[in-house]
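Chemist: Give me coordinates for this.
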Amino acid sequence: MELAEEVLKLVLAMVVGGIIGAEREFRDKSAGFRTILLITVGSTLFTIFSLGIGIETNPTRIAANIVTGIGFLGAGAILREGHRVTGLTTAATIWLAAALGMGIGAGKYALVGVATILTLVVLWVFPTFENWLDRTRETVIYEISLPVQSPRRKTLLETFESCGVRVYHHREIKTGDTLVTTLRTTGRMEGHRKLVEVLLQDPEVIEVKY
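Modeler: Numbering: from 1, shown residues only. Here you go, the predicted model:
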């Protein structure tokens, strides 16, 4: 009977991991179907083993090492692209999949079921709300190159304000005959698009990075 229950736990871990992994695979994330599934099953298996040998050693030690090991996997999913950091949601999903596997291994089926539903709600429903927030307010870092003697330097901040983009920090670096201005800004996506068009059409602007 004990073996049958352990096999059932592994099957349940495959189902839970497969559902969450399918969502990640559908969105073409770095940790997809097989990765999430294997993490969930592996965490379940480690938890089963930890409970089985708990008479001789503390079972929580293996559970703690699962969390540590998952941290390395999650770190591998986080990437830096220019001024942006990507992969944080995938890393969090990996971490959560391990927690679900541990819960299955410990026999907390009802709690795992509720957590799985909530996870799917976050992954499927919340992106729409997140996109709405991004359209309302988005932070962008601009790097604008101008000739050192350009009169445009004095009116640059006014251009940002006229497009509805607020500058909350900026600095200037002189490189030869070029002045590179870095501006940290926030504003609506429409304002950022308008600003980029204005900057690209400005003959005084040598280069724009954002």
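Chemist: buried ones in whichever helix or strand residue 196 is part of?
Modeler: Assigned by DSSP states H and E, residue 196 belongs to helix 189-201. In terms of neighbour count (16 or more other Cβ atoms under 10 Å), helix 189-201 has its buried residues at 191-192, 194-196, 199. In this view, the C-beta of every residue, glycine as well, is placed from N, C-alpha and C.
Chemist: Give me the helices and strands touching that helix, please.
Modeler: For helix 189-201, the packing partners by 3 or more Cβ pairs under 8 Å, 6 or more residues apart in numbering; DSSP states H and E come out as strand 138-147, helix 152-162, strand 207-209.
Chemist: Dump these to JSON lines, plus mean pLDDT, mean neighbour count and distance to residue 18.
Modeler: Output for those, formatted as JSON lines (pLDDT from 0 to 100; neighbours: other Cβ atoms under 10 Å; distance: least, Cβ to Cβ, whole Å):
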{"stretch": "strand 138-147", "mean pLDDT": "91", "mean neighbour count": "17", "distance to residue 18": "34"}
{"stretch": "helix 152-162", "mean pLDDT": "90", "mean neighbour count": "15", "distance to residue 18": "48"}
{"stretch": "strand 207-209", "mean pLDDT": "91", "mean neighbour count": "13", "distance to residue 18": "42"}
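Chemist: Throw the ones you listed into CSV and include distance to residue 20, thanks.
Modeler: Output for the helices and strands packed on helix 189-201, formatted as CSV (distance: least, Cβ to Cβ, whole Å):
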stretch, distance to residue 20
strand 138-147, 28
helix 152-162, 42
strand 207-209, 37
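Chemist: Pick out the most distant pair among the buried residues of helix 189-201.
Modeler: Using Cβ to Cβ, the buried residues of helix 189-201 span at most 12.5 Å, a distance reached by 191 and 199.
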